[in-house]
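**Q** Just need the structure, nothing else, for what follows:
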Amino acid sequence: MSNPVVAEIHARANEQSKVRAVRALVGDVRTGLRVQVGDVDVELPRPLVEVLVAAAESFDDGDMIAVVSEEVEVSPAQAGKLLGVSRQYVDRLVADAVLPARKLPNSSYRKIPVRSVLAYREASERKRAGIRRVVDDATAAGLTY
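**A** Next comes the predicted model:
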């Protein structure tokens, strides 16, 4: 398998104002964005513009951007980075069959499909959002816990 992290990109402090300017320019674009590359005028499709806006938002927060293909597999440590948890927590998710993993031949090393890691992250985020809504509704109704 190829390296799952295609690119890890950091914005330097002196580039943050430029990132904010680009974010402001493309943040409200509802259709494709046109850019000039040399002598060629290119229209970027909306999904690519959304990726650029998301990357600019992360840079603005001081985060690193990692570009990862869903088709590859990652180590438990890399899965932990994608989820924002420890490798040990990922090991427990694998042991509990929450995340599928395969052992490499003649090795104790395991690989986890990125697609499964991202699906788990999305489900966890939905669950947290639901809990937040319940707590907010209860608080608005004057209930305490």
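
**Q** Got the domain ranges for the chain?
**A** 1-68, 70-145 (automatic domain parsing).

**Q** Just say helix, strand or coil for the residue positioned nearest the centre of the chain.
**A** Centroid-nearest residue in the chain: Leu82, 6.7 Å away (criterion: CA atoms, centre = their mean). Secondary structure for Leu82, judged by DSSP: H, G, I helix; E, B strand; the rest coil, is helix.

**Q** Give me the pLDDT for it.
**A** pLDDT for Leu82: 88.

**Q** returning to that earlier point: ok, of the domains of the chain, where does mean pLDDT dip lowest?
**A** domain 1-68 - the lowest mean pLDDT of the domains of the chain, at a mean of 70.

**Q** residue ranges for the strands of the chain, please.
**A** Along the chain, counting by DSSP state E, strands occupy 5-9, 33-37, 40-44, 65-68, 73-74, 102-103, 110-113.

**Q** Is it possible to get TSV of these that adds mean neighbour count and distance to Tyr120?
**A** C-betas here are computed from N, CA, C, even on glycine. Below are the strands of the chain laid out as TSV (neighbours: other CB atoms under 10 Å; distance: least, CB to CB, whole Å):
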stretch	mean neighbour count	distance to Tyr120
strand 5-9	11	18
strand 33-37	11	32
strand 40-44	11	30
strand 65-68	15	14
strand 73-74	22	12
strand 102-103	10	16
strand 110-113	20	9
